[in-house]
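In: The sequence and its predicted three-dimensional model are supplied below.
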Amino acid sequence: MQITYSRIIHLSQIIDRNIPLWPGDPPVEFMTVADIADDGYYLRSFSLGEHSATHINAPNSFVTTGVGIDDYPAESLVLSAVVIDICEVAINYPDYALSIADILTWEEKYGEIDSGSLVLLYTGWQHKWTDRNAFFNQDAQGIMHFPGFSRDATQFLLKERHIAGVGIDTHGVDPGQDQSFTTNRLVLAQQGIVLENLTNLDQLPPKGSTLAIAILRLRGGSGSPVGVLAFVP
């Protein structure tokens, strides 16, 4: 693959103690191990969940026989990306799920999605990142309300467009109300790519960018925080 680009953009959120965390996930912690005054160098240890911050999910996060993130080959982590923008509808309907009709409308403008593409859904939720309540948008029963991919759209993308995976700027590629994690399960059953908590999707064109996903090769990891770089043409 030859990558030509005019600029490179971070698609990963900065990791800090106060980032939005999925209920039940461990907190983000930093501890100073050495400092310049006493030790001549500065060093910290850190801990966070495998699905915290901008991250990738692995098949074994949903299926016990699935592979861990360390089994993803390097060539599977560099992909061409398309961006579908649903911000206008999501701002009024936070439970909105991408439909097949949305995909076909996008393709009328930009052409058919190429096989092996990573489909990114720009919902506008990246702008809510610093407000945990707005980001998760939980109701009185604790149910989350944020947009994502519908089952039908995911199946269409996998079977008809043969995509490599999906990504989104919310905390889940599945809509907040979908507690069965349908899109995750469908994509990960094919050892595809699932990226969550992306940012700066508004800076990408609808098609043509190349993404490089830098995983932490955690043995048996259910996923990993990732640094994602977009090479924009």
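Out: Structure received.
In: Going by C-alpha atoms from here, please, whenever you check contacts or count neighbours.
Out: Will do.
In: Show me what the helix or strand where Ala101 lies is packed up against.
Out: Following DSSP states H and E, one finds Ala101 within helix 100-110. In terms of contacts (3 or more Cα pairs under 8 Å, 6 or more residues apart in numbering; DSSP states H and E), helix 100-110 is packed against helix 151-159.
In: The helix it packs on - what's its average pLDDT?
Out: The average pLDDT within helix 151-159 is 98.
In: Can you name every helix or strand that the helix or strand just after it contacts?
Out: Using DSSP H and E, the helix or strand that follows helix 151-159 in sequence is strand 165-168. Judged by 3+ Cα pairs under 8 Å, 6+ apart, strand 165-168 is in contact with strand 118-122, strand 193-196.
In: Okay, now the sheet partners of strand 165-168, with direction.
Out: Applying DSSP bridges to the sheet, strand 165-168 is found paired with strand 118-122 (parallel), strand 193-196 (parallel).
In: quick one: the first one to helix 151-159, angle?
Out: Here strand 118-122 runs at 150 degrees with respect to helix 151-159, directions being taken by axes from the mean of the first three to the mean of the last three Cα atoms, to 10 degrees.
In: Report the buried residues of the following helix or strand past strand 118-122.
Out: Heading C-terminal from strand 118-122, the first helix or strand you meet, by DSSP H and E, is helix 132-136. Neighbour-count burial for helix 132-136 flags Ala134, Phe135, Phe136 (criterion: 16 or more other Cα atoms under 10 Å).
In: Give me the contacts around helix 132-136.
Out: Applying Cα atoms under 8 Å, 6 or more residues apart in numbering, the contact partners of helix 132-136 are Ile19, Pro20, Trp125, Lys128, Trp129, Met144, His145, Phe146, Thr170, His171, Gly176.
In: which one among the residues you listed gets closest to Ile69?
Out: His171 (18.5 Å; Cα to Cα).
In: distance of the closest one from Gly220?
Out: Computed as Cα to Cα, to the nearest Å, the His171 to Gly220 distance reads 22 Å.
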